Structures are given as structure tokens and as C-alpha cells.
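>>> sequence and predicted structure are below.
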Amino acid sequence: MSYLTQTDAPSVVSLDSVSAIRDEMAHLFLVAYTELDKPHPGYVTYHGRFLVDAADCYDELRGIFEKYSFTPLIREGGDGRIALIGDPIVHNPPQSDWRINAALFVVTILATLATGAFYNAETLDQAWQIWRGWPFALSIMLILGAHEMGHYIMARYHKVPVTLPYFIPLPIISPIGTLGAVIRMKGPVKNKRALHDIGVAGPLAGLVFAVPILLYGLYTSEVGPITSGGLLEGNSIFYAASKIMVFGRFLPDGSQDVYLNQVAWAGWVGLLITSLNLLPVGQLDGGHVTFTLFGKR
């Protein structure tokens, strides 16, 4: 037996719609009680438990709610039950302008070409011949493109509307050329499993390219005497292990170090961007995954 509670003020929620939704989803969700205008005016919240896996039935559930101009949101209730919230807005994905994505993509390619050209330039004339930076540009764009396509493909798999990647170029003369890319979700994620899968897919896809690019770059880079000046990259555990794997020793060893070519530098930058994305903070990939595993803290 389910029961209904509401605030003292008259509700704008149609009781017929509330009852119809409850009846139509009875084979999916067992309702213990219902609240009107909670958590906000115009909302309806069904408290209870799923009879089937939430991930498997969300699409059917959404179809039921949307018939009555609601979007279902799944939350964990404080009483141990599931709170199935009817958001009185049907989230139709907004249209995005692909020309913005294309323009940012082109500018990022130019920025990474310039970064690669400046990285290995021996003269000022060579620095301005940006086509010389193609090894860095191709390598870093493969890593970043794979990262974002991992997010994109997994989002489409879970039927979450998303934009194409927005690449983020840095000023034409910079050490890394780009801060990566982002995609924007244009609608709600149906459950934590989908959010987890979308968050994990990007870094994993990026690493599939970053690791072999780094190893190949190290293999084709030169080892020489340590000199003053120049760019000194940091040593993460994985990067240090990669140098030991390729060269059979830890570098720098006091007298020699590896001088990264453009491909190796792109691999190092790709690992850096992936590591930053995995930080368990806010809207970063690590933040999304941490939320799905541990909830809000």
C-alpha cells in the first residue's frame, strides 16, 4: 500500500499524472510512498525500490515519465529507499554549432604544430616553419582525440546526448600547445553506472595511445651528457619505469639523460594531461568516477 504526502500549499502537480506514472512503472519500481512538490515545487518524488536493475530499465522508465512531461532522476534516499524524482522538465538536447568545434580543432592543430617546431628548432627560421612540428602535433592529437572519443562513444552507448569534443588550444608559443579537450553532456546521465563508464572510458582510451607513443618516442630519442639549461621534465613512477624499460637504467643517472624528441615529448604531455584528468576533483574525470564509487563526501 503506497500513500501520498504533499505540502499545505496547493500543488501544481497533476494527481492524475502522478497516479498514471506509478501504475505504468509498477513492474519496474515498487512505490512505498509519494511526495508532491519535493524536493522543489512542481516535482514529484516516488520513494521505494527497483524490481529490476535500474540501468536496464531506465530507458523504459524515461519513456513513461516523459509522456507526462517529467524526466526521471534516481537518487539514494535517506531512509534506505530509492528516491525516484520526477523533474518537471523534459530535457531536449540543445543544438550545438559544429563550426565552433571545427574552429577550435584547427587552432589546436596549429598550436601543437608550432609547439613541436619550436621544441626542436635550432634556428629562428626553423622555429617559424611550423610544419616541422608534425610529429608532436600528430602524436598529441591522437592521444587527446582518443581520450575524448572514448567519452563520446561511451556516452552514445548509454544514450546520453553529448557534444563533439571542444579542443582547448594554448597560445601559439607554449611548452605543450593544448590543455586537452572537453565534451559537454546535453542531458542527464541515467545512473551512476553510466557516469562511471563515461568517466573511465576517456583516460583508458587515451592511455592506449599515450603508452606506445611514449615508448616509441623514448626508443628513438638520444641519450647524452647532461648540460645546463634546457627543459627538465618531471619523473612520474610510470615515466621512470618506461625509461628503465627502454634504456635498461634510470635516467638521469648523474652524468647522462635522455633528450626527448617530439614524439616522446607528446607522450609525456599526454600522460600529464591524463593524470590531471584523473584527480578526484569536481568535473574532472576522476571527480565523476569517485562520485560513482563513493558518493558525495
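That came in fine, so what should we check first? Numbering: from 1, shown residues only.
>>> what ranges do the helices span in this structure?
15-24, 54-67, 98-120, 124-128, 134-157, 192-219, 237-247, 262-277, 285-294 (DSSP state H).
>>> which elements pack onto the longest one?
The elements that helix 192-219 packs onto, with contact taken as 3 or more Cβ pairs under 8 Å, 6 or more residues apart in numbering; DSSP states H and E, are helix 134-157, helix 237-247, helix 262-277, helix 285-294. For glycine as for every other residue, the C-beta is placed from the backbone atoms N, C-alpha and C.
>>> possible to save those helices as TSV with mean neighbour count and distance to residue 108?
Output for those, formatted as TSV (neighbours: other Cβ atoms under 10 Å; distance: least, Cβ to Cβ, whole Å):
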stretch	mean neighbour count	distance to residue 108
helix 134-157	22	7
helix 237-247	15	24
helix 262-277	23	13
helix 285-294	18	19
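>>> as a markdown table, these with mean pLDDT and distance to residue 70 would be great.
Below are those laid out as a markdown table (pLDDT from 0 to 100; distance: least, Cβ to Cβ, whole Å):
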| stretch | mean pLDDT | distance to residue 70 |
| --- | --- | --- |
| helix 134-157 | 95 | 22 |
| helix 237-247 | 92 | 47 |
| helix 262-277 | 92 | 34 |
| helix 285-294 | 77 | 24 |
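>>> if we can go back for a sec, in JSON lines, list the helices of the chain along with distance to residue 227.
Output for the helices of the chain, formatted as JSON lines (distance: least, Cβ to Cβ, whole Å):
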{"stretch": "helix 15-24", "distance to residue 227": "72"}
{"stretch": "helix 54-67", "distance to residue 227": "56"}
{"stretch": "helix 98-120", "distance to residue 227": "16"}
{"stretch": "helix 124-128", "distance to residue 227": "20"}
{"stretch": "helix 134-157", "distance to residue 227": "22"}
{"stretch": "helix 192-219", "distance to residue 227": "19"}
{"stretch": "helix 237-247", "distance to residue 227": "18"}
{"stretch": "helix 262-277", "distance to residue 227": "17"}
{"stretch": "helix 285-294", "distance to residue 227": "37"}
